[in-house]
Each structure stands twice: as C-alpha cells, then as structure tokens.
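1. Okay, structure incoming, though there's no sequence with it:
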C-alpha cells in the first residue's frame, strides 16, 4: 500500500510538470508572414532608400521582419512596433508621416491643391461660357452687345450737361 500511495502522487505531479513546461510554448502565438507583412508594409527600410520593408530583399530587412515577427509573437501591437522603429531609426522609416510639425504640410497641401485647382477650373470654364455667349450675341446682330455702349454714351452725355 505504501508503494501505491507514492505512485498516486507521482503521476499527477508529472502531468502537472509537463503542463507547466509546455505553458510558455502555448503562450506564444504563431505569427504568419501575412501578419508580418501587414506591419512591414507601413515601414521603409532604413538602409535601402524608398523601399518598403515588406519587399526589400536585403539581409538587414529580413532581420527586421524577423524582429517584427518576434514582437508580434510577444503580443505587441502594430502601433507599438512602429513606435519602436521610429525611436530606433527616426520618422523617416514611416511610410505615412505623422500629421504634426512640417509633416502636416504633406497632409494639408493635397487638399489645398485640389480646392485651388477646382476653383481655377470652374472660373476657366465660366470664362469660356461667357465668351461663347458674347460671340453668339454679336453674331445675332449685335443689338444686345451694343446696348451697354449706347447706355454708357448717354450717361456720359448727361454728365456733361450738368
């Protein structure tokens, strides 16, 4: 009986030990290449000029993608990973500049350019339509086109009389 008591405690202890040993492995999540590329596409390679991190073929970029994989496996968010790269390499690694300081110009200028271009286009089209109407009126006999000139000459004549 003494022997069975020891085995009764030993088996549950062994099972508990194996579960405890496997717990860190279960806590790690499997990170796919798609998840890594989702984060890496918003970052530029600090070594290669104007190359997104997800398509750069250098060994440094492969190492950085592996670092992203590790950080995602640890449960870090995309924003935390971006902040890590910004603190390490500066804001030039971000594909989309943060809207503050001088970078605010990159966010505001396109809106301003579209509004200005639209205003210029509308005024240009309006000028073309006015010119076409004036030509049409002049071609019809010029009676309406000459009326403002007659009116101005009559006003000038009346002003001279006074």
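-> Cool, the structure landed. Being a predicted model, the structure only gives us computed values, none of them experimental. Numbering: from 1, shown residues only.
2. who's in contact with the residue nearest in space to the middle of the chain?
-> Central residue of the chain (CA atoms, centre = their mean): residue 96, 4.9 Å from the mean position. Residue 96 makes contact with residue 42 under the criterion CB atoms under 8 Å, 6 or more residues apart in numbering. Yep, even glycine has a C-beta here, placed from its N, CA and C like the rest.
3. Return the distance of it relative to residue 102.
-> Distance check for residue 96 against residue 102: by CB to CB, to the nearest Å, it reads 15 Å.
4. One more: residue 61?
-> Residue 61 is 27 Å from residue 102, by CB to CB.
5. cool, and residue 85?
-> Using CB to CB, residue 85 is found at 20 Å from residue 102.
6. So the residue nearest to the centre of the chain, which state does it fall into?
-> Secondary structure for residue 96, judged by DSSP: H, G, I helix; E, B strand; the rest coil, is coil.
7. Could you check the pLDDT of it?
-> On pLDDT, residue 96 comes in at 75.
8. Please apply the same query to residue 2.
-> Value listed for residue 2 in the pLDDT field: 53.
9. how many other residues sit next to residue 45?
-> By the measure other CB atoms under 10 Å, the count of residues near residue 45 is 21.
10. typo on my end, residue 56
-> Neighbours of residue 56 using other CB under 10 Å come to 19.
11. how close does the closest residue to it other than its chain neighbours get to residue 64?
-> Spatially, and ignoring its direct neighbours in sequence, residue 56 is nearest to residue 45 (4.4 Å; CB to CB, 6 or more residues apart in numbering). Computed with CB to CB, the distance linking residue 45 and residue 64 is 8 Å.
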